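S.K.: everything below, folded, please.
(2 chains)
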Amino acid sequence: MAHALTSPTYVQSLRKTLHDVMDQDPAVVVLGEDILDPYGGAFKVTRGLSTRFPDRVLTTPICEGTIAGASVGLALRGMRPVAELMFGDFATLATDQIINHAAKFPAMYNGQVTVPLVIRMPMGGRRGYGPTHSQSLERLFVGTPHIKVVAPSHFHDAGAMLRAAIYDAEPVIFVENKVLYPQRLRLEATDTLISRESVGAPDSYPTVVLRNYAPTEQPDVTVIAYGGMSYLLAPLMARLVEEEIRVLACMPGCLSPLDETPLLEAARATGRVVVVEENSADFGWGAEVAARIYGACYAQLRAPVVRLGAAPTVIPAAKALEDAALVSDESLLSAIMEVLS
Amino acid sequence: MTEFVRVPLPQFGANDVSAQILEWLVPEGAQVRAGEALCSVETTKSVSDVEAPAAGYVVTLVEAGASADTGQTLAVVASVPASREDVARWLAEQEAQAAAAQPVTATTGPKWTYKAELLARQQGVDIAAVPASGERVTEADVRAYLAGRSAAPALAHDAPHATSDARDLMDDRYPTGRVRRLLLIGGGNGAIQVLDALAKIPSQRAVAIMDDNPALAGKSAGGVPVVGGIDLDRAATMHREGDFDAAVISVSTSIPFRQRIYDEWQARGIPFANVIHPSAVIGANVTLGQGNLILAFCNISACATLGDNNFISPYCSIEHHCVLGSHCSFGPAVITSGEVHIGDRVRFGTGIFIEPHVTIGQDAVIGSGCTLWSNVPAQAIVKTKPNYVIRRREAGA
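M.R.: Residues are numbered from 1 along each chain as shown, chains lettered A, B, ... in the order given. This is a model prediction of the structure:
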C-alpha cells in the first residue's frame, strides 16, 4: 500500500517533532543519557539534534533523579525541557522528582509556577532485554493527580502527540513502546482491512477507534488497549476478518487522566469487553477501565469484562520465556473468544 | 548438485536492526572452512566478525562499507565454485518455493469460521452438520440452517432470536445475583407503568413482553420486544433456557386473569418478581410475597404483610400491621389506617379511606371515593352514593 511506504515510522515521527520544535522554540531543551551524536540515543529518537542545537541538547550522567530534577528546575524557570530516560524501567529513580515535585509545585506555590515538563520513557518488552529493561512502569504514574500519562500507539500521530505534550501546562509522562519504533504510522482512515477513526482531543491526545468491519455491521467484541498493544492488535484484527469476528478496538492516547466517554461508548456497542495491557493485569490500568465500565454500563454488559496482561512475574530475558510471560496474539485471541462464548 | 548455504547478518545486540560491513576478510570466490571469519561488521556498540556457517566457496552479496539489515543475506557459501548469477538464480528459486508454499498452509484451517462456531455452540447446533455455501461454514450458513430448523413447532421460541432487538434472549446468560431479567405478561397500559418503574430500577430489567393481541406481535415497548401471545409452554422453555429470570403480570383490570396466570405459571415453576418503584417506601418488618407491583409514591408501613400478585397503583398507603391477601388490585390513592385486614382478590377504585381495624372479606369490590368505617363482608360491592343531597337550603338564606 502506498501509504505504508510513505508514512514515517514511529521513531521518525518523534524525531521530526523534536527537530521542528527545537528549531521553532528556543525554550525547548532536550536532556538525557547518551543522546549526543553520533550515538543519538539508545533508540535514535534524538539523533541529529545535538549537531543542530549543540547548546540545547544536554548529555547527562547515568542518574535519572538528576535528569528529572534538572528538568523540573528548567521548567520552573520558563524552559520546556524534554527529558529522555534511556529505559522507562529507571523511572523508579526519578519518581520522587516527578510525583513529589513536578506534579505538586503549581499547587504548593499557589498557582504562581507551572512545570511544563515532558519525560519520555521507552517501555515494554519483546526485545530480550530482561527483567530491568522490559517493563511497562507507566503503571506507577497512572492515577497520580496533575500528571498526564500519554502513550501513542502506531495508529496515533506520535509526533503530534509529543508536540502537544511539550506544550502541555502539566508534566507529561510520554510512554514509547520499544516495539513500535520501527513501525510505520498508520494514520489513514482505511486500508484493506482496518478502518481508523480519531475521536476527541484532536490537538492533544485523541482516542483511536479501529474497526475490522464495515460501518453498517454490528461489532461483536470491544477491545480496549493502549500504546504497544497496537503491535499485536493490528495483525490480529486483520486475521479475524476471515473468522467473521468483528472487533471494535479503542485506544486512548492519554491513559491518565482518562477520557472514558469513547471507551464507554465502545463497551456499550457490544456489551463484551476485553481490556488488554502489556503490564500484568492485577491492580492495573485495565482494572480501572473495567471498574468504570461496570459503573456506567453494568446493565448493558453481556459478559464479565475480561482483563488481560502479562504474567505477574519478572520478565525473562530468554525469548521463549519472555514470549510466554507477555500477552501474545494467541492469548489475546483466547480472551476475545472467552468473552464471546 | 551444488549446495548453497546463506550467510545472514546476525543480531549482535538486542538494540540492533542493522550493521555496517567494514571489510571482507576473504577474497571473492575464496574457499573457506566452516567457522572461518568472512567479514567484520560494526554495530552501534562493537565490531564483530561474521563466520562461515559451512565449508565451501564464498560468493559475496553486499559490498564493504555498505549497511545491511539484521537477517539480510550477506553472502552465500557454495559447495563448488559458483558465480553471482548462479547464486541469484538459486535465491530466486528459494523465494518462488517459499511463495508457493504459503497458500497451502493457509487453507488447512478449520472448515468453519470462529463466528459460525460460536453461534452454533450457543444454539446447540452441531457445526459439522451445517452445510457450507462457500469454502468454509459462515455465520450466515448457521443462521440459514437455524431458520430451516425453526419451522418446526417445538423450536418456535427461536423466532425472536432472529431480530437484533431481542439479542438479550439469544445469548445472555447472567449469573444469578446480577440484573434480573423479567418477562412481562400483558403489553397494555399496565405494561407501560411497569416499564417506567423498571427503567428506574437498576437491579431489574424487562427483556420480553407476551400479549395475546396479534396487532402487537413484532412490535416493542420501550425497546422491549413483544415476542408473541401469552404461551405458558413457550415461557417455560424460555425460562429453562435462561432467557428470563422471573415473570410479572402487568394487567391490572382483570383479577380473574391475574390469578389464573399466576397460579398456572407458578405451578410450572416460573418465579414471579416484585417490582417496587424506587420512590415507594417500604417500612421495617414488611413481609412481601412475590409478583407484587408497587408503583410510585406508595407507602407500605412497618410490620405490614402482603401476599402475592397484588397490583398497587401510585399513592397507595398500606399502614402498619395491615394484612393484605393476594391478587388484589388497587386504584391510585387507596389509604388504609393501621391493622386493616384485606382478603384475596379485593378490588379497589380510586381515592378510598379505610379506618383502623376494618376487615374486608375476599372478592369484595370497593368503589372510588368510599370511606370505610366498619367491616365489609366477602363478595360485597360497596359504593358511595354519588352526589347525595342532604337537604335544600331555604331560598334567600
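S.K.: so what's the nearest residue to A:Thr66 once chain neighbours are set aside up against?
M.R.: Closest residue in space to A:Thr66, ignoring its immediate chain neighbours: A:Thr60 at 6.2 Å, by CB to CB, 6 or more residues apart in numbering or on different chains. Using the backbone N, CA and C atoms, a C-beta is placed for each residue, glycine as well. Contact analysis of A:Thr60 by CB atoms under 8 Å, 6 or more residues apart in numbering or on different chains lists A:31-33, A:66-67, A:70.
S.K.: out of those residues, which one sits closest to chain B?
M.R.: Of all the contacts of A:Thr60, A:Glu33 has the smallest distance to chain B: 13.9 Å, by CB to the nearest CB.
S.K.: and for the closest residue to that closest one other than its chain neighbours, the neighbour number?
M.R.: Once flanking residues are discounted, A:Glu33 sits nearest to A:Met86: 4.9 Å by CB to CB, 6+ apart. A:Met86 has 20 neighbouring residues, counting by other CB atoms under 10 Å in any protein chain shown.
S.K.: would you agree A:Met86 is in contact with A:Asp34?
M.R.: Yes. The pair A:Met86 / A:Asp34 is scored as a contact, 6.6 Å apart, by CB atoms under 8 Å.
S.K.: contacting residues around B:Ser48?
M.R.: Counting by CB under 8 Å, 6+ apart, B:Ser48 makes contact with B:10, B:12, B:40-41.
S.K.: ok, now with 6 Å
M.R.: B:Phe12 (CB atoms under 6 Å, 6 or more residues apart in numbering or on different chains).
S.K.: so how far is B:Ile192 from the residue nearest to A:Glu33?
M.R.: According to CB to CB, to the nearest Å, A:Met86 stands 66 Å off from B:Ile192.
S.K.: where does the closest residue to chain B within chain A land on pLDDT?
M.R.: Across chain A, no residue is closer to chain B than A:Glu244, which sits at 3.5 Å (CB to the nearest CB). Looking at A:Glu244, its pLDDT is 94.
S.K.: what values do phi and psi take at it?
M.R.: Dihedral pair for A:Glu244: phi 60, psi 20, per degrees, to the nearest 10.
S.K.: what's the closest residue to it other than its chain neighbours sitting at in phi/psi?
M.R.: Excluding its sequence neighbours, the residue lying closest to A:Glu244 (CB to CB, 6+ apart) is B:Lys115, at 3.5 Å. Geometry field for B:Lys115 lists phi and psi as phi -60, psi -40, criterion degrees, to the nearest 10.
S.K.: so B:Lys115 touches B:Glu139, yeah?
M.R.: Yes. Counting by CB atoms under 6 Å, B:Lys115 does reach B:Glu139; the two are 4.5 Å apart.
S.K.: got a list of what the residue nearest the centre of chain A touches?
M.R.: Nearest to the geometric centre of chain A sits A:Ala151, at 1.7 Å (CA atoms, centre = their mean). The contact partners of A:Ala151, taken as CB under 6 Å, 6+ apart, are A:175, A:226-227, A:255.
S.K.: same question, A:Glu244
M.R.: By CB under 6 Å, 6+ apart, A:Glu244 lies in contact with B:113, B:115, B:139.
S.K.: export those residues to TSV and tack on distance to A:Gly128, pLDDT and neighbour count?
M.R.: Formatted as TSV, the contacts of A:Glu244 follow (distance: CB to CB, whole Å; pLDDT from 0 to 100; neighbours: other CB atoms under 10 Å in any protein chain shown):
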residue	distance to A:Gly128	pLDDT	neighbour count
B:Thr113	35	91	25
B:Lys115	36	91	20
B:Glu139	41	91	20
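S.K.: of the contacts of A:Ala151 - the most surrounded one?
M.R.: Counting neighbours by other CB under 10 Å, the top entry in the contacts of A:Ala151 is A:Tyr226, with 31 neighbours.
S.K.: list the contacts for that residue?
M.R.: Contact partners of A:Tyr226, counting by CB under 6 Å, 6+ apart, are A:151, A:251-252, A:255.
S.K.: measure it to B:Lys111 for me?
M.R.: To B:Lys111, A:Tyr226 is 36 Å away according to CB to CB.
S.K.: again with B:Gly134
M.R.: 11 Å.
S.K.: next: A:Ala303.
M.R.: Taking CB to CB as the measure, A:Ala303 falls 27 Å from B:Lys111.
S.K.: so these two - more neighbours on which side?
M.R.: A count of neighbours by other CB under 10 Å puts A:Ala303 above the other of A:Ala303 and B:Lys111, at 19 against 13.
S.K.: got a list of what the more buried one touches?
M.R.: Applying CB under 6 Å, 6+ apart, we find A:Ala303 in contact with A:272, A:339.
S.K.: quick one, phi psi at it?
M.R.: According to degrees, to the nearest 10, A:Ala303 has phi -160, psi 160.
S.K.: one more: B:Ile21?
M.R.: Main-chain dihedrals, B:Ile21, degrees, to the nearest 10: phi -80, psi 110.
S.K.: and the pLDDT for it?
M.R.: You'll see B:Ile21 listed with a pLDDT of 92.
S.K.: wait, it touches B:Ser67, no?
M.R.: No. Assessed by CB under 6 Å, B:Ile21 is found out of contact with B:Ser67, at 7.5 Å.
S.K.: so between these two, which is more surrounded?
M.R.: Counting neighbours by other CB under 10 Å for B:Ile21 and for B:Ser67 shows that B:Ile21 has the greater number, 22 against 13.
S.K.: bridging residues for that one?
M.R.: Going by DSSP bridges, B:Ile21 is paired in beta bridges with B:Val41.
S.K.: and the gap between it and B:Gly361?
M.R.: According to CB to CB, B:Ile21 and B:Gly361 sit 106 Å apart.
S.K.: with B:Ile352 instead?
M.R.: Using CB to CB, B:Ile352 is found at 16 Å from B:Gly361.
S.K.: okay, these two: which has more neighbours?
M.R.: B:Ile352 (23 against 17).
S.K.: show me what contacts that one?
M.R.: For B:Ile352, the contact set (CB under 6 Å, 6+ apart) comprises B:334, B:366, B:370.
S.K.: so which residues of the stretch 1-150 of chain B form helices?
M.R.: With DSSP state H, counting those that start in this stretch as the criterion, the stretch 1-150 of chain B has helices at B:84-106, B:114-122, B:139-149.
S.K.: among these, which is the most enclosed?
M.R.: Highest mean neighbour count among these (mean count of other CB atoms under 10 Å in any protein chain shown): helix B:114-122, with a mean of 21.
S.K.: how far off centre is that one?
M.R.: Centroid separation between helix B:114-122 and its chain, computed with CA atoms, centre = their mean, to the nearest Å, is 16 Å.
S.K.: name the surrounding residues that touch it.
M.R.: The contact list for helix B:114-122, computed with CB under 6 Å, 6+ apart, reads A:243-245, A:340, B:127, B:137-139, B:142, B:171.
S.K.: what sits closest to B:Pro356 if chain neighbours are left out?
M.R.: B:Ser337 (4.1 Å).
S.K.: what pLDDT does that neighbour get?
M.R.: 97.
S.K.: give the contact list for it.
M.R.: B:319, B:355-356.
S.K.: try it again with 7 Å
M.R.: Counting by CB atoms under 7 Å, 6 or more residues apart in numbering or on different chains, B:Ser337 touches B:319, B:354-356.
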